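K.L.:
Next comes the sequence, and after it the predicted model I'd like to discuss.
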Amino acid sequence: MRGSAKTVLIFALPLLALGSLYFIVMRGMSQRQFPVPDEEEPLIIGYTDRDIPLDPTAEYWTDIEPVRVQLYPQTARVPYGTEERVVWVRGVYGAGEIALQLEFEDETENWGDQSTPDACAIMFTPGDTPATGQMMGHGSGANIWHWLAQAVAVGEGRDPASTQQVKELIATGPATQTPMESQNVVGVGTYRDGKWQVVFKRSLESRQDGELALLPGGDRKISFAVWDGAAMESLSRKSIAILRTLKLE
């Protein structure tokens, strides 16, 4: 019996290895490749002396010219992303705080009480971080603001205007995202007319270890990501933007 088992192992292990290699090769060949530029134009954010609303649908945001940001499928690790997408970004700072509004199309509205919620995120890194087609994390210590369509329950309904939908994370590489000790970022997301509009807001100053200051004249880079819940996207299966320089006028 021992001899028979040994013989089986001798033949089974190479076949298993060959099968795994075949899967990896075929998965790579089936993964659609998208051209990704080496760098993008800086994202320039203007100053305001007005109060900055958290309401993503406020007319305030229509006065700010949006920047079109191209997103590409995440291709650094399995599961890969599958779609090219576009997110429109508006930003403003003043009175010691910075805010960004993200707007992107989504055919379905997926909340956290479903299998996978819709989501989006912003990543900030030190300015000397090399530009890359991937995110969410670098050895330099990235700050990530991660919004999930996860509303707070109110009776038998939910409050989509809750500011508890954002997690402030720090990361040093893929799959290293860790919540910061204090959660200083607030955000609100609203779905209408086939689009999500999400506003993030935080202080310009750093308030804890690992938190990057976002001050005028500072040296920072920024990137974005979007997850489509209807497409069962979560974790690394997402669409991402290449890092670009962040400038506060």
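P.N.:
Arrived safely, thanks for sending.
K.L.:
Need the per-residue pLDDT for the closest residue to Asp51 other than its chain neighbours.
P.N.:
In this structure, Asp51 finds its nearest non-sequential neighbour in Ala95, 7.5 Å apart by CB to CB, 6 or more residues apart in numbering. (C-beta placed from N, C-alpha, C; glycine too.) With respect to pLDDT, Ala95 scores 91.
K.L.:
in stretch 89-97, what's buried?
P.N.:
Residues of stretch 89-97 classed as buried: Val89, Arg90, Gly91, Val92, Tyr93, Gly94, Glu97 (neighbour count, 16 or more other CB atoms under 10 Å).
K.L.:
Please apply the same query to stretch 141-149.
P.N.:
Using 16+ other CB under 10 Å as the test for burial, stretch 141-149 gives Gly141, Ala142, Asn143, Ile144, Trp145, His146, Trp147, Leu148, Ala149.
K.L.:
Can you show me the CA trace of that stretch as CSV?
P.N.:
Extracted C-alpha coordinates of stretch 141-149, given in CSV (Å, rounded to 0.1, in the frame of the first residue of the first chain):
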residue,chain,number,x,y,z
GLY,A,141,2.8,54.9,3.9
ALA,A,142,-0.3,55.8,1.9
ASN,A,143,-3.4,57.5,3.4
ILE,A,144,-6.6,56.1,2.1
TRP,A,145,-10.1,57.5,2.4
HIS,A,146,-12.5,54.6,1.6
TRP,A,147,-16.2,55.3,1.2
LEU,A,148,-18.7,52.4,1.2
ALA,A,149,-22.4,52.6,0.4
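K.L.:
tell me the mean pLDDT for it?
P.N.:
Averaged across stretch 141-149, the pLDDT comes to 92.
K.L.:
same deal with stretch 231-249?
P.N.:
92.
K.L.:
Can I get it in CSV, CA atoms only?
P.N.:
The C-alpha trace of stretch 231-249 is given here as CSV (Å, rounded to 0.1, in the frame of the first residue of the first chain):
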residue,chain,number,x,y,z
ALA,A,231,-20.2,43.3,-10.7
MET,A,232,-19.2,41.7,-7.4
GLU,A,233,-16.2,44.0,-7.0
SER,A,234,-14.4,44.2,-3.7
LEU,A,235,-10.9,44.3,-2.3
SER,A,236,-8.4,44.2,-5.2
ARG,A,237,-11.1,43.8,-7.9
LYS,A,238,-11.5,47.5,-8.7
SER,A,239,-10.8,50.2,-11.2
ILE,A,240,-7.9,52.5,-10.3
ALA,A,241,-6.2,55.7,-11.4
ILE,A,242,-2.6,56.4,-11.8
LEU,A,243,-0.9,58.6,-9.2
ARG,A,244,-0.7,62.3,-10.0
THR,A,245,0.6,65.4,-8.2
LEU,A,246,-1.8,67.2,-5.9
LYS,A,247,-1.5,71.0,-5.8
LEU,A,248,-3.3,73.4,-3.5
GLU,A,249,-3.4,76.9,-5.0
